[in-house]
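Q: need a 3D model of the following:
(2 chains)
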There are 2 protein chains.
Amino acid sequence: MNNGTGVLMQEMVQTIATLLQEQRWEELKGLLAPKNPNDLAILFADFPPPERALLFRLLEKRPAVEVFESLPVEEQQELLGSFKTEQLREIVEHMSPDDRAELLDELPAKVAKRLLSLLTPEERQATALLLGYEENTAGRIMTTEYIDLKSFVTVAEALKKIRRVGLDKETVYYCYVIDESRHLIGAVSLRQLVLADPETKVAELMETDVISASTNEDQEEAAHKIQRYDLLALPVVDREKRLVGIITHDDIIDIIQEEATEDIYRLGAVEMPEQSYFKARVLAVAGNRVGWLLLLLLTNTFTGNIILHYSNLLQSVIALAAFVPLLTGSGGNIGSQTSTVFVRGLALKEVTYRNALGLLLREVAVGLLLGSFLGVLVIFWAYWLQGNWVVSIAVGLSLVLISTLATFFGGFWPLVFKRFGLDPAMVSAPFISTMVDVLGALTYFQVARFILSFL
Amino acid sequence: MNNGTGVLMQEMVQTIATLLQEQRWEELKGLLAPKNPNDLAILFADFPPPERALLFRLLEKRPAVEVFESLPVEEQQELLGSFKTEQLREIVEHMSPDDRAELLDELPAKVAKRLLSLLTPEERQATALLLGYEENTAGRIMTTEYIDLKSFVTVAEALKKIRRVGLDKETVYYCYVIDESRHLIGAVSLRQLVLADPETKVAELMETDVISASTNEDQEEAAHKIQRYDLLALPVVDREKRLVGIITHDDIIDIIQEEATEDIYRLGAVEMPEQSYFKARVLAVAGNRVGWLLLLLLTNTFTGNIILHYSNLLQSVIALAAFVPLLTGSGGNIGSQTSTVFVRGLALKEVTYRNALGLLLREVAVGLLLGSFLGVLVIFWAYWLQGNWVVSIAVGLSLVLISTLATFFGGFWPLVFKRFGLDPAMVSAPFISTMVDVLGALTYFQVARFILSFL
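A: Numbers count the residues shown, from 1 in each chain, chains lettered A, B, ... in the order given. Take a look at the predicted model:
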């Protein structure tokens, strides 16, 4: 039984390294053969490319292809150079069309062409079809290895076909029913086929209300459908509603993780890199981040100017300066709490155009409540720290106003971004904090001046 | 074909509302019957509880159960009160054990007892088993509706059993092989069974290296296994390695989404609420957020004290004050970029104890690089704004230092939290910004004083 813990992995890596060094190939073969390909992919990641290529040569064709498929695209690329042409052909020929398309897409045109030339005409055609669709669409991530049935066949005939062609297909658990022009007209699950009377016609059994995606649909939409309807696979149709491929549930989990990562990065004001963040070079990482920083830095200058603008006020009541960070900081925190919740709510479709206004109002009520509670607390806290009632009241009052403003803008901006077709996750915590800094400073000094005008 | 767009949904809601008002029950029945239960659940959400209960009564038993299962637990609870006992028994009796356990767990003890008393002894036992495990464990989310086989049966016999019991099981695509004491000894897929010769013994066909979870394992770990090994279902075993249930792939997608939401909320300094954030009351929402705010507010007081501590310096060179927000703001932004990336990297196991130190050093290098670039830029920018070289150089130099410190702490804290068994996502953007504020202000004034000491 495999529990895949880190400690066992660590021991395995040690053993493999020793066997490699001592060139005990047969023992290595015996050690690797019974392992799960997904475990092997993780094990292999611990070895430098030349040794990794060596390890690959010790695997049988089928596990070699599976291990290769489960590597990230950048590691696949690194490896390609170390393979001999025959091994290369074997691996690339047997990859699923969707994994192959992803790899070819990232390669330099020349290398991609060479690889394509190694494939059989059928495999080449399947790959070219996928490469014709834009990145992040359903067409690009689908596989062409599905089972199709005609509606007039019987269950027994359908099962016979599955037995004949099933070995090469990505899933046999759903079969799609097409008419003479390959239009998708129904779907039938292996479960239904197995449970049904062998003489029943597929037409009687199939569901006709099939959930499908179109080739140019966003992959996130496709993932959403699989999740919402608990599907194992989603058929993909072209503009004429002809079946061209399927997307399977395991691809969807990766997409959901990837989309969550993208949202998390954006919320932290980091652009999603093309390859894994942790493989990128220092300069690439810095480049990925500098854009937002420059913009925010510029905005921060406004806050500075506001402070300077009130320098006379500050010089006469220097105690006021002590509470600027508290006010701008709290405002930023409250605002980014709200924006976080709204951005995630929009991504999970819990916030819709229909309920947005109500939720925004509720958020502002929360801001008012939080601000009032913290404001009262801060009045006493500030008085205890500085012993100045005027300053204390100015701080408390400003906190109420800033907190209300912050919740408003924290909910408002993600909605506006969404409305104009931008990713709401671009309303990051830094974005909201910086914006609220400007408003917070302005509010604070105006309130202080107002209170002082009565004295 | 169903494309599930919002516009069509909107029209449906209108039609249903009209039919409800005019009490045209037969037409409503005909309208609802062919719909997908997942679509119905979303449609029903638009109606108040009394009307929703009415709509339920118009559904056949099976779709009614499915719609009920796909509602959030809090909506299930609201509805329970509006059902008659017989309808209640029918729905709860036919829910899957895992969905039922989740519902019962949230109900007041008295209501839960009454519901349990309506069940058949077998169903009651299955539910009690699940309720015995802690929340968020594999035992709690598993279902007991799986197919088990003995290793000595033939493929034909196995298929016969699947045909006999398959209708009531959550999945028929994987069958688990057990010995006389119910120990899990293998797994066989329906695909293998269908493709194999009917006379083959299951023992020859089954995989013996079965990936499994134990009942008390964290649900996130179980999700990780399903994702890593591309499984449709994961068997769950008790301490004695006896098979007690399975977790299916569709539950996993929900867990992955839920875990991502929790991380996103924490990164925004919002605690994950028990029920949906958007259904909670204003007071509950405010309560969920006030903890972090109070802590951060307290920390901000330090920053204020630092500013006051240097008030003589500030009064002599008032231009220094203008750049405090720029420095603390940029520091916070750079730091939260780093913490975001580290928190997500830890969640996806891209950051491990093995590579953590190297990645942290790389991060500091990125900080130094970003700081130097922005620092040089800011020297000229500050001079252009204020015309004071001393201030400009102090700002530029501080930015280099602050940026380096910020990247260090942005990577350091998530690792420390992880090491001590805390959720790294608690290192939110507000947490890092507030911490960097203190350091930033201190660094800036020290650097300025140092430069001024030469004049």
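
Q: use CA for all of it now, contacts and neighbours both
A: Fine.

Q: and the stretch 351-455 of chain A, which residues reach chain B?
A: Residues of the stretch 351-455 of chain A lying near chain B by CA under 8 Å from any CA of the partner chain: A:359, A:362-363, A:365-367, A:369-370, A:374, A:429-430, A:434, A:437.

Q: same thing but at 10 Å, please
A: Neighbours of chain B within the stretch 351-455 of chain A, by CA under 10 Å from any CA of the partner chain: A:351-352, A:355, A:359, A:362-371, A:373-374, A:377-378, A:381-382, A:385, A:428-431, A:433-434, A:437-438, A:441.

Q: okay, domains of chain A per the record?
A: A:6-132, A:147-254, A:277-452 (automatic domain parsing).

Q: how long is the last one end to end?
A: Going back to what we said before, that points to domain A:277-452. 52 Å (CA to CA, to the nearest Å).

Q: now do it, average pLDDT.
A: The average pLDDT for domain A:277-452 rounds to 88.

Q: chain center to that domain, what's the gap?
A: On the basis of CA atoms, centre = their mean, to the nearest Å, domain A:277-452 sits 27 Å off its chain's mean C-alpha point.

Q: for the closest residue in space to A:D99 that isn't next to it in sequence, give its distance to B:L130.
A: Distances taken as CA to CA, 6 or more residues apart in numbering or on different chains put A:E69 closest to A:D99, at 6.5 Å, once the chain neighbours are dropped. A:E69 sits 37 Å away from B:L130, going by CA to CA.

Q: tell me if A:F152 really is in a strand.
A: No: under DSSP: H, G, I helix; E, B strand; the rest coil, A:F152 sits outside any strand and is assigned coil.

Q: ok, it touching A:K201?
A: Yes: taking CA atoms under 10 Å as the definition, A:F152 is a contact partner of A:K201 at 6.0 Å.

Q: does chain B sit close to stretch A:290-310?
A: Yes: Stretch A:290-310 comes into contact with chain B (CA under 10 Å from any CA), by way of A:290, A:292-294, A:296-309.

Q: hmm, stretch A:264-273 in reach of chain B?
A: Yes: Stretch A:264-273 is in contact with chain B by CA under 10 Å from any CA, via A:I264, A:Y265, A:R266, A:L267, A:G268, A:A269, A:V270, A:E271, A:M272.

Q: I figured the first one hits B:T340, correct?
A: Yes: when contacts are counted by CA under 10 Å, A:I264 is listed as touching B:T340 (7.0 Å).

Q: A:F152 and A:K201: which is more packed in?
A: A side-by-side neighbour count of A:F152 and A:K201, using other CA atoms under 10 Å in any protein chain shown, places A:K201 first with 19 against 15.

Q: excluding chain neighbours, what is closest to that one?
A: Using CA to CA, 6+ apart and skipping the chain neighbours, the partner closest in space to A:K201 is A:T154 (4.2 Å).

Q: give me the number of residues near that neighbour?
A: Neighbours of A:T154 under the rule other CA under 10 Å: 21.

Q: again with A:N216
A: Residues near A:N216, counting by other CA under 10 Å, number 18.

Q: can you name the residues bridging to the closest residue to it other than its chain neighbours?
A: Closest residue to A:N216 apart from its sequence neighbours, by CA to CA, 6+ apart: A:T137 at 5.3 Å. Beta bridges link A:T137 to A:D218 when assigned by DSSP bridges.

Q: quick check: A:T137 vs chain B, distance?
A: Separation of A:T137 from chain B (CA to the nearest CA, to the nearest Å): 16 Å.

Q: wait, doesn't that residue sit right on A:T215?
A: Yes: using CA under 10 Å, A:T137 is in contact with A:T215, at 6.6 Å.

Q: and for these two, which residues touch both?
A: Here A:T137 and A:T215 have A:A222 as joint contacts, going by CA atoms under 10 Å, 6 or more residues apart in numbering or on different chains.

Q: of those two, who's got more company?
A: Neighbour count, other CA under 10 Å: between A:T137 and A:T215, A:T215 has more, with 27 against 19.

Q: which residues touch that one?
A: Contacts of A:T215 by CA under 10 Å, 6+ apart are A:130, A:133-134, A:137-142, A:222, A:235-239, A:241, A:243-246.

Q: repeat that for A:H249.
A: A:171, A:223, A:226-227, A:230-234, A:255, B:227, B:230-232, B:249-250, B:253.

Q: just the buried ones from those residues?
A: A:171, A:223, A:226-227, A:231-234, A:255, B:227, B:231-232, B:249-250, B:253 (16 or more other CA atoms under 10 Å in any protein chain shown).

Q: number of residues surrounding A:K161?
A: Number of residues near A:K161 (other CA under 10 Å) recorded here: 14.

Q: for it, give its distance to B:Y173.
A: Separation of A:K161 from B:Y173 (CA to CA) stands at 18 Å.

Q: A:I306 too?
A: Using CA to CA, one gets 66 Å for the distance from A:I306 to B:Y173.

Q: between these two, which is the more surrounded one?
A: Neighbour count, other CA under 10 Å: between A:I306 and B:Y173, B:Y173 has more, with 21 against 17.

Q: now the more buried one: closest residue in space, sequence neighbours ignored.
A: Spatially, and ignoring its direct neighbours in sequence, B:Y173 is nearest to B:L190 (4.8 Å; CA to CA, 6+ apart).

Q: so what's the one you found scoring on pLDDT?
A: Per-residue pLDDT puts B:L190 at 91.

Q: what about it, how many neighbours?
A: Around B:L190 there are 22 other residues, counting by other CA under 10 Å.

Q: that one contacts A:L195, correct?
A: No: contact criterion CA under 10 Å: B:L190 and A:L195 do not qualify, at 11.8 Å.
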